[in-house]
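J.: Sequence and computational prediction follow.
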Amino acid sequence: MKHVSEQIRNNIVSLLDDGLSSRQIAAWLGVGHRTVDRVRAAIRPSLQKPRAGRPAKLSATDKRFLVRMITSGKVDTAAQLTGELRNTTGMELSSNTVCRALKEAGMKAVAKQKKPRLLSRHRRQRMDFAIRHQY
């Protein structure tokens with residue numbers, strides 16, 4: 001590994017503080033971008049690298065809204081939830097994005113289990129059983 005002079009190291013630090021990316025600094029100073037990354041790690045370990053990739057469409061507030069709509073029972077499917085979010089916020093997104101956000105929140109896609117509904121005689125029988133076995 002080639003040694004970097006103190007002047008280049010100081011230039012890298014000052015450009016990092018200005019907010020330039022490691023590749024921009026590397027092109028500007030004529031050094032490798034990995035060299036810039038090593039200097040950043042050694043001198044400014046608290047300085048975060050800029051987040052890569054496309055920015056998220058859904059904010060944390062939007063994700064909480066999605067979870068609240070599902071848990072309250074106002075909507076049942078991701079497609080319905082997508083339409084509801086489109087009506088309230090006006091943003092265009094796919095139901096896959098909504099599914100991914102719900103999955104990140106710890107929710108699972110499962111079909112609701114079928115079970116017979118309780119009739120009034122069932123409720124009465126359960127109450128009688130509870131009273132009989134109360135003590």
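T.: Yes, it's here.

J.: So the chain: which segments form each domain?
T.: With automatic domain parsing as the criterion, the domains of the chain are listed as 6-43, 60-104.

J.: Which one of those lies nearest to Phe129?
T.: Closest approach to Phe129 among these is made by domain 60-104 (29.2 Å; Cβ to Cβ). Yep, even glycine has a C-beta here, placed from its N, CA and C like the rest.

J.: residues contacting the closest residue to Thr77 other than its chain neighbours?
T.: Leaving out its chain neighbours, the residue that sits closest to Thr77 by Cβ to Cβ, 6 or more residues apart in numbering is Ser95, at 8.0 Å. Contacts for Ser95 (Cβ atoms under 8 Å, 6 or more residues apart in numbering) come out as Thr77, Ala78, Ala79, Leu81, Thr82.

J.: what's the spacing between the second one and Leu85?
T.: Ala78 is 10 Å from Leu85, where distance means Cβ to Cβ, to the nearest Å.

J.: Between the two, which contacts overlap?
T.: Val98.

J.: mind listing the helices for this structure?
T.: 6-18, 22-29, 33-43, 60-72, 78-89, 95-104, 120-132 (DSSP state H).
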